[in-house]
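**Q** Please find the sequence and the predicted model below.
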Amino acid sequence: MLRVAIPNKGALAEKASEMLAEAGYRRRPGPKDLTVLDTVNEVEFFFLRPKDIAVYVGSGRLDMGITGRDLALDSEAPVKERLGLGFGGSTFRYAAPEGREWTVADLAGKRIATSYPRLVRGDLLRHGVEAEVIRLEGAVEISVQLDVADAVADVVESGVTLRQHGLVAFGAPICVSEAVLLEGLDTEDSPARTQLAARLQGVVIAQQYLMLDYNCPAALLPEAIRIAPGLESPTVSTLAEQDWNAVRVMVPRKQANEVMDRLAVLGAKAILASDIRFCRL
Ligand SMILES: Nc1ncnc2c1ncn2[C@@H]1O[C@H](COP(=O)(O)OP(=O)(O)OP(=O)(O)O)[C@@H](O)[C@H]1O
Ligand SMILES: O=P(O)(O)OC[C@H]1O[C@H](OP(=O)(O)OP(=O)(O)O)[C@H](O)[C@@H]1O
Ligand SMILES: [Mg+2]
């Protein structure tokens, strides 16, 4: 039985559970259940605090886990990323009161509030900066106006919370994060482990790509394929109308409109984009 940790609450919990349900795994029956046994797929899920998940996986007591890359780094647990899951995206950044140009070197001798103390200490060490790291549980951005800290290091998603508290981010991001599927450093693949990773990858790709269908004069096909080359090679079939082809190709969701515009300008017709629900590549 594969033992897998899932966030029980917080920013990643709902999407992690939804992604596993899309991948065909059993849902948690109630919001307070701490374990779910999926006997069909030979997986037992443990619903844990996202901050603790890398610790459990690193200890070898659990085989895999879903949590944030930034949380896993801060845990310093011996784990590695098997797969990026494409949600829970954020950056982890220094920020300080607006009105002057800050650099990381300016943090020397300052008090820095954060919920990710090990991540911050490691980064300060790399920069050769000595500063006091103050560990807070949350609402870190308020610590500067309450004079508990001079600067913060925190998760930035939209940047709204920083702006609301008169702070500006500076320096390169300490971490560019997303939700990840983790496993221990020395792990052997089992059918259940390979299946979980492959199914989740199928959902990630299905969410990141669209299926594009279009009709195209045969003479324009090479140029059309240059515009949308697909993951491996587009499927090309012949239409009843002479010298026309029907083409089917996967395109990244973010580029879909631009690709459709370019195909239309080229002379393609009946360009249709549709969702992909699941896939195995
Ligand atoms: N807007 C956001 N706020 C907080 N965390 C976010 C956000 N967007 C993405 N994340 C990611 O979610 C993870 C934090 O999860 P966590 O459950 O600790 O969040 P939380 O909502 O702050 O929960 P709690 O406040 O109960 O600790 C990190 O990996 C972080 O990068
Ligand atoms: O850039 P933004 O979109 O504003 O998001 C980032 C903010 O959201 C999170 O706080 P959360 O609501 O989780 O509260 P917490 O600080 O108590 O964890 C995070 O810790 C930042 O404060
Ligand atoms: Mg939080």
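**A** Cool, the structure landed. Ligands and ions are numbered 1, 2, ... in the order given.

**Q** Please count neighbours and contacts with C-alpha atoms only from this point.
**A** Noted.

**Q** can you list the residues of the stretch 151-281 of the chain near ligand 1?
**A** By C-alpha under 6 Å from any ligand atom, the residues of the stretch 151-281 of the chain that approach ligand 1 are 155, 157, 177.

**Q** which of those residues count as buried?
**A** Taking 16 or more other C-alpha atoms under 10 Å as the criterion, what is buried in those is 155, 177.

**Q** In helices only, show me the residues of the stretch 151-281 of the chain next to ligand 1.
**A** With DSSP state H as the criterion, helices contain none of those.

**Q** Tell me which residue of this protein is furthest from the middle?
**A** Distance from the C-alpha centroid of the chain, by C-alpha atoms, centre = their mean, peaks at residue 242 (45.6 Å).

**Q** For residue 235, see how far away that residue is.
**A** Taken as C-alpha to C-alpha, to the nearest Å, the spacing of residue 242 relative to residue 235 amounts to 18 Å.

**Q** same question, residue 280
**A** In this structure, residue 280 and residue 235 are separated by 17 Å, where distance is defined by C-alpha to C-alpha.

**Q** Check residue 257 too.
**A** 20 Å.

**Q** Same question for residue 221.
**A** Going from residue 221 to residue 235 by C-alpha to C-alpha gives 11 Å.

**Q** same deal with residue 148?
**A** Looking at residue 148 against residue 235, where the rule is C-alpha to C-alpha, the gap reads 61 Å.

**Q** for the one helix or strand residue 175 maps to, packing partners?
**A** In the assignment (DSSP states H and E), residue 175 maps to strand 167-177. Counting contacts by 3 or more C-alpha pairs under 8 Å, 6 or more residues apart in numbering; DSSP states H and E, strand 167-177 packs against helix 69-75, strand 90-97, helix 117-127.

**Q** Could you identify the helix or strand that succeeds the first one?
**A** Counting by DSSP H and E, the next helix or strand C-terminal to helix 69-75 is strand 79-84.

**Q** Single out the residue in the stretch 151-281 of the chain that lies closest to ligand 1.
**A** For the stretch 151-281 of the chain, the nearest residue to ligand 1 under the criterion C-alpha to the nearest ligand atom is residue 157, separated by 4.9 Å.

**Q** Which residue lies closest in space to that residue, excluding its sequence neighbours?
**A** The spatially closest residue to residue 157, leaving aside those adjacent along the chain, is residue 90, at 4.8 Å (C-alpha to C-alpha, 6 or more residues apart in numbering).
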